[in-house]
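**Student:** coordinates for the following, if possible.
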Amino acid sequence: MTPQRYQHSWPGIWQCLAGIVFACGGCNAGAATDTAPVSALRGVYTRLAPALAHNAFGQPLVLESAESTKGLTGDIYAVVPYPFAAVSTGMKSAEHWCDVMILHINTKYCHAVAGPQGTRLRVNIGKKTPQAMADATRVEFQYNETRTLQNYFAITLTARQGPLGTSNYRIRLEAVELPDKQSFLHLTYAYGVGFAGRLAMQTYLATLGADKVGFTRLAPGADGQTGYVAGVRGVVERNTMRYYLAIDSFLASQRESPAAQLEHRLQSWFSAVERYPRQLHEVDRPDYLTMKRAEVLRQQTLY
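**Tutor:** Okay, the predicted model is just below:
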């Protein structure tokens, strides 16, 4: 079946899947000399210029989602007000990726570990409430810098297995330099879903996720009313947005003093998701902040 893509200008999977992000490309790390990736991403920027300039997100952002028999994908394209050097320095670090990932409400733990086969991120995914490490699902991501140029980079995270029958996680962030100290980002989040995963998804969507929606506006129905996409595309869109906002919050925090960065990230992420309460509201600010401060402290220890 040909994947259906949904592009629009509007801005866990079940509880434990909800915390995993991001998608990958090739895996040949290191510096590269060809400029094809730069031209390709700038071409996307030109193509999306009208949607980036005029949308209901209130910021230059386009969200797309796709569903096929092989799995699910979410893509976000955005212009961010950070110089490329700051974006590159901030995101080309496995430890900084853990600073990003822990912001998501379902991420319970993240720790970067270097080994003979490269750097891996040990990530635990769980509930939206405080949870013991033993009760959260461990997913190990391989971290790779897949392409580095003077004005372009791509980072990938991949995992063979995820929670509840999901597999082949592919997480990718690529960025290119723009004029006026801005950067253009492309974030992708994709995974495969097997039989067990589809059963778990059906259960989630029939219970805890029954009233959850994504960001894509549907065509008016017979009653003339419009709604939002729901189901598995809604799941992908919500999580892609959560992690884009985490990246944005992390980059913004780099302007603060080191002592103030963590609190800035936490406050900024919560404020950002609350701009879209229909899709992203889960808990109140004090509960989120208390839980995350404890989880950040816990991830200083290697489990």
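
**Student:** report the contact partners of the closest residue to Leu302 other than its chain neighbours.
**Tutor:** The shortest distance from Leu302 to any non-neighbouring residue, by CB to CB, 6 or more residues apart in numbering, is to His111 (5.7 Å). Yep, even glycine has a C-beta here, placed from its N, CA and C like the rest. Neighbour list for His111: Cys98, Leu121, Arg122, Gln299, Leu302, Tyr303 [criterion: CB atoms under 8 Å, 6 or more residues apart in numbering].

**Student:** would you say His111 is within a strand?
**Tutor:** Yes. His111 forms part of a strand when assessed by DSSP: H, G, I helix; E, B strand; the rest coil.

**Student:** show me the beta-bridge partners of it.
**Tutor:** Here His111 sits in beta bridges with Arg122, going by DSSP bridges.

**Student:** most neighbours of all the contacts of His111, which one?
**Tutor:** Gln299 (23 neighbours; other CB atoms under 10 Å).

**Student:** verify the stated contact: it with Val113.
**Tutor:** No. Here Gln299 does not reach Val113: they are 11.8 Å apart, not a contact under CB atoms under 8 Å.

**Student:** give me phi/psi at the residue nearest in space to the middle of the chain?
**Tutor:** Nearest to the geometric centre of the chain sits Tyr243, at 2.9 Å (CA atoms, centre = their mean). Note on Tyr243: backbone dihedrals following degrees, to the nearest 10 are phi -80, psi -30.

**Student:** do you know how far it is from Ala66?
**Tutor:** 17 Å (CB to CB, to the nearest Å).

**Student:** again with Cys98
**Tutor:** If you go by CB to CB, the gap between Cys98 and Ala66 works out to 28 Å.

**Student:** what do you get for Lys108?
**Tutor:** For Lys108, the distance to Ala66 - CB to CB - is 28 Å.

**Student:** neighbour count for those two, which is higher?
**Tutor:** Under the neighbour definition other CB under 10 Å, Lys108 and Ala66 were set side by side, and Lys108 has more, 26 against 17.

**Student:** mind listing what the more buried one touches?
**Tutor:** Counting by CB under 8 Å, 6+ apart, Lys108 makes contact with Gly19, Asn124, Ile125, Gly126, Gln131, Met133, Ala136, Glu295.
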